[in-house]
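> Pasting a predicted model and its sequence here:
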Amino acid sequence: MSQARFEALVGQIAASIGDAPLDDDLAARLNTDWGPGSAAFAELAALCATGEAEGWLMAREAGGIRFGRAVKPGGPAGRFSVDVVRMKDVKGPHHIHPNGEIGAVIPLEGAPRFDAFPEGWYVYGPGTEHHPTVSGGEAHVLYLLPEGAIEFTGR
């Protein structure tokens with residue numbers, strides 16, 4: 001039941017994004033409509049915790065990062081894949097977002113920042129790249145990838 005609710009909720013969020021440009025305006029809209037302090041953000045946080053505990057989210061682990069793809073593109077989230085990771089004071093593997101990335105930082109302990117982003121939604125445009133890094137605590141980071149596109153570089 002909780003997995004179905006997770007899929008429905010991320011589907012609603014993805015539908016609200018639609019084909020909007022991946023930019024700061026989208027991040028601001030997501031934080032207004034679906035951000036910290038909203039019932040939807042609280043439910044998303046609870047569903048991520050439940051999914052991890054039940055084993056249908058973040059079923060794999062490497063380098064101190066729990067991770068997993070929860071929804072493939074073409075499923076409940078439309079053109080987006082949905083992944084969730086659990087990170088604590090760690091730098092992840094370098095990758096490129098060919099089509100961009102839309103994510104939510106969900107604190108678990110301390111005052112974590114994902115790259116420079118505090119609790120809430122962030123947006124990286126197409127072609128951006130980084131070593132995903134959580135500092136200052138522990139967080140679930142949920143991210144949507146248009147068409148599921150991500151390229152790990154090994155850098």
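Yep, that arrived. Residues are numbered from 1 along each chain as shown.
> Quick check: Ala45 touching Leu142?
No - judged on Cβ atoms under 8 Å, Ala45 makes no contact with Leu142 at a distance of 9.2 Å. Glycine gets a C-beta too; all of them are placed from N, C-alpha and C.
> Among the two, which residue is more densely surrounded?
Leu142 (24 against 19; other Cβ atoms under 10 Å).
> Could you give me the buried positions within stretch 115-134?
By neighbour count on 16 or more other Cβ atoms under 10 Å, the buried set for stretch 115-134 is Phe117, Glu119, Gly120, Trp121, Tyr122, Val123, Tyr124, Pro132, Val134.
> Can you give me every residue that contacts the second one?
Taking Cβ atoms under 8 Å, 6 or more residues apart in numbering as the contact definition, Glu119 lies against Pro36, Val105, Ile106, Pro107, Pro112.
> And it, how close does it get to Ala149?
26 Å (Cβ to Cβ, to the nearest Å).
> From Ile13, how far off is the residue nearest to Ala20 when sequence neighbours are not counted?
Excluding its sequence neighbours, the residue lying closest to Ala20 (Cβ to Cβ, 6 or more residues apart in numbering) is Leu26, at 5.0 Å. According to Cβ to Cβ, Leu26 stands 11 Å off from Ile13.
> who's more crowded, the two?
Ile13 (23 against 20).
> which SS class is that one?
Judged by DSSP: H, G, I helix; E, B strand; the rest coil, the three-state class of Ile13 is helix.
> And for Trp56?
Look at Trp56: counting by three-state DSSP, its state is coil.
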